[in-house]
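Asker: Could you work out the structure for the sequence below:
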Amino acid sequence: MHSPVTSSYEVHDPVRSNPDSLPVRPLLIVVVEGAHDLEFLLHVSRVLHGADKSSLGQLVDRGEVLLLPVGGSHLSLWSTRLAALALPEFHLFDRETEPETALRQQIVHRITARPGCFATLTAKRSLENYLHPQAIVEAGGPVIAVADDNWVAELVARRPFEARLGQPVWSALSRRAQRRLVQRAKRWLHRWATPQMTPELLDERDPQGEVRGWLQRIAERTCYSAAGPGQSAS
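Answerer: Numbering: from 1, shown residues only. Predicted structure coming up:
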C-alpha cells in the first residue's frame, strides 16, 4: 500500500528509448504538459494493449514516437515551436476550468491548423479525472468521489488532513504548502493509482472511449507517417 502522504516520490522518467534501434527521426511527436501525463498514457496503454507492437510503450521503445512534456505554464509557445522539424505532432492538454479553458482552446485551434498536427483538450478537467476511485483505494489512497470537474489531486492531498485533524488544518496551510502537497498527490496518483486501472474501470470513467481514442490516433498516425500519404503501412 502506498500512502499519498507518507510515500516517497522518486522522479520517474517515463521517456524510454533503445538507442541501438532508434530510427533517424521519430514518426510522431506527442506533446503533453508534464511527465505525470506521460506516465498516465504509458500505464493506460500498457493496461489496454499489453506488449502489443501498437502500444505506446512499444512505439516509444522503437523510436517511432517522441514523448515531450512541455509544462503547462506557456503552452502557447509550443503551438509553433516544433514546426521547423516538419514532423507530425499530437498535442494533449488538460481542459482545466474557465477562463483557462478558452485560452487553451485557442492554442488547440492554432496547432490543428498546421499541416500534420492534431491537438485536443481533455473533456474532463484533467487526466486525473479519468481515474476510477477504486484504483485510488487499491493503491492505498483515500476514498473520494471522482467526477469530471473536481480537483482530484487536491482531494487526495487534503483528505488525510481532514480525516485526522479536521478541515480547518488544511485551510490554515499556506498556499505554497497546499500547492506542494497537491503536486505530491498528483505524482502519487500517476505513479501508483494509474497502474491499478483495468479496461473495465477505464470504461466506467470514460464511457465515450476518449482515452482509447487518443491512443488509437497516436498509433494510426505513426503508421500513416511510416507509409506516407496515400500508402498503407506494412
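Asker: Touching, Q134 and L201? I think so.
Answerer: Yes. The pair Q134 / L201 is scored as a contact, 6.0 Å apart, by C-beta atoms under 8 Å. From N, CA and C alone the C-beta is placed, and that goes for glycine too.
Asker: My read is that L215 contacts R46, right?
Answerer: No. Counting by C-beta under 8 Å, L215 stays clear of R46, with 10.5 Å between them.
Asker: ok, residues contacting stretch 37-54?
Answerer: 12, 14-15, 30, 32, 55-58, 60, 67, 69, 92, 94, 127, 130, 190-191, 194-195, 197-199, 202, 211-212, 214-215, 219 (C-beta atoms under 8 Å, 6 or more residues apart in numbering).
Asker: now do stretch 73-85
Answerer: Here stretch 73-85 has contacts from 29, 31, 33, 70, 89, 91, 93, 103-104, 107, 110-111, 114, using C-beta under 8 Å, 6+ apart.
Asker: Ok, stretch 185-196 next?
Answerer: Taking C-beta under 8 Å, 6+ apart as the rule, stretch 185-196 contacts 2, 4, 7, 9, 12, 36-37, 39-40, 43-44, 47, 127-128, 131, 134-136, 138-141, 152-154, 156-157.
Asker: Check which helices and strands the lengthiest helix in the chain sits against.
Answerer: For the chain, the helix that runs over the most residues, judged by DSSP state H, is helix 210-227. Using 3 or more C-beta pairs under 8 Å, 6 or more residues apart in numbering; DSSP states H and E as the contact test, the elements touching helix 210-227 are strand 28-32, helix 35-49, helix 56-61, strand 89-93, strand 117-121.
Asker: repeat that with 7 Å
Answerer: Counting contacts by 3 or more C-beta pairs under 7 Å, 6 or more residues apart in numbering; DSSP states H and E, helix 210-227 packs against strand 28-32, helix 35-49, helix 56-61, strand 89-93.
Asker: quick one: buried residues of it?
Answerer: V211, R212, W214, L215, I218, A219, R221, T222, C223, Y224, S225 (16 or more other C-beta atoms under 10 Å).
Asker: Closest one to S171 out of the residues you listed, please.
Answerer: Taking C-beta to C-beta as the measure, S171 lies nearest V211 of the buried residues of helix 210-227, at 34.0 Å.
Asker: okay, which residue is most central for the chain?
Answerer: D37 (2.5 Å; C-alpha atoms, centre = their mean).
Asker: Next SSE downstream of the lowest-mean-pLDDT helix or strand in the chain?
Answerer: The least trusted helix or strand in the chain, going by mean pLDDT, DSSP states H and E, turns out to be helix 167-172, with a mean of 77. The element immediately downstream of helix 167-172 (helix or strand, assigned by DSSP states H and E) is helix 175-188.
Asker: could you give the angle of that following helix to helix 35-49?
Answerer: 20 degrees (axes from the mean of the first three to the mean of the last three C-alpha atoms, to 10 degrees).
Asker: tell me which residues of helix 175-188 are tucked away?
Answerer: Those would be Q178, L181, V182, R184, A185, K186, R187, W188, for helix 175-188 by 16+ other C-beta under 10 Å.
Asker: avg pLDDT for the helix or strand just after that helix?
Answerer: Downstream of helix 175-188, the first helix or strand assigned by DSSP H and E is helix 199-205. For helix 199-205, mean pLDDT rounds to 97.
Asker: same for helix 199-205, what does it pack against?
Answerer: So helix 199-205, by 3+ C-beta pairs under 7 Å, 6+ apart, packs with helix 35-49.
Asker: if we go to 10 Å?
Answerer: Contacts defined by 3 or more C-beta pairs under 10 Å, 6 or more residues apart in numbering; DSSP states H and E place helix 199-205 against helix 35-49, helix 133-138, helix 210-227.
Asker: Good, we can wrap up now.
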